[in-house]
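Prediction below, plus the sequence it came from.
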Amino acid sequence: GESVGLHLPTLSVQEGDNSIINCAYSNSASDYFIWYKQESGKGPQFIIDIRSNMDKRQGQRVTVLLNKTVKHLSLQIAATQPGDSAVYFCAEAAGGYNKLIFGAGTRLAVHP
Amino acid sequence: GAVVSQHPSWVICKSGTSVKIECRSLDFQATTMFWYRQFPKQSLMLMATSNEGSKATYEQGVEKDKFLINHASLTLSTLTVTSAHPEDSSFYICSGTDRGSGSPLHFGNGTRLTVT
């Protein structure tokens, strides 16, 4: 089945702390995963991606972890800043970059 | 690079009228573009896949006669909401892939449609 978001959980963190946002995906055939950040009234912004032949990938202040055994994806943000406040979505695709299915999303609220 | 532009960014229309939304890839060619719809506090739901020079492929439950998609060139796809109703009010977002680089999908900034 497809991942469909019907609610939006919130993660509240203090500025400077590390954040971990989790995502469970549904399709065992998915081989490409992306994390997007969406600010209010804007389209999703690419953060980091990972292919199924990897279990970890690092970017600038962000790390994505992939556990295919339990179909779980996580996004770690180091030293979270107020500008990181947004809704974060994971997205999955099978057989290429094309048809992305989005997860439910998590709202990250960073407090000073 | 890989900029996707949507127009308009917001539109208000009366029930029963039609609205056209444009999605342009500004600095790359997109053989495939995707249209998503997002209701408040919800995730993005894929509506259809728009292929340049051919008919769009619609997801289950999306009315193809209501949401007309045209992808006449490698840089432009349009979504027309026909005979709009208040329940069509939503945030519509398009995306495209740079076929040259194979880079991840890039999204436009969305169009907020309000049907009164």
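Received, thanks.

what is the nearest residue to residue B:40 once chain neighbours are set aside paired to in the beta sheet?
Among residues not flanking residue B:40 along the chain, residue B:91 sits closest, at 8.0 Å (CB to CB, 6 or more residues apart in numbering or on different chains). To be clear about C-beta, it is placed using only N, CA and C from the backbone, and glycine gets the same treatment. Taking DSSP bridges as the rule, residue B:91 bridges to residue B:38, residue B:112.

Likewise for residue B:6?
With DSSP bridges as the rule, residue B:6 is bridged to residue B:23.

Let me know the pLDDT of residue 32.
In the absence of a named chain, chain A is used. pLDDT, residue A:32: 92.

nope, chain B please
87.

Can you tell me what sits against the least confident helix or strand in chain B by mean pLDDT?
Of all helical and strand segments in chain B, the minimum by mean pLDDT, DSSP states H and E falls on strand B:106-107, at a mean of 88. With contact meaning CB atoms under 8 Å, 6 or more residues apart in numbering or on different chains, strand B:106-107 is reached by A:36, A:43-46, B:2-4, B:25, B:93-98.

quick one on the thing from earlier: am I right that the residue nearest to residue B:40 is in contact with residue B:111?
Yes. If you go by CB atoms under 8 Å, residue B:91 and residue B:111 touch, sitting 7.2 Å apart.

which of these two has more neighbours?
Using other CB atoms under 10 Å in any protein chain shown, the more surrounded residue of residue B:91 and residue B:111 is residue B:111, with 24 against 21.

what about residue A:55, neighbour count?
For residue A:55, using other CB under 10 Å, the count is 12.

For it, which non-adjacent residue is spatially closest?
Per CB to CB, 6+ apart, closest to residue A:55 is residue A:66, 5.2 Å.

hey, what's the one you found bridged with?
residue A:73.

what's around the residue of chain B found nearest chain A, how many residues?
Here the residue of chain B nearest chain A is residue B:43; by CB to the nearest CB that distance is 2.9 Å. By the criterion of other CB under 10 Å, residue B:43 has 23 neighbours.
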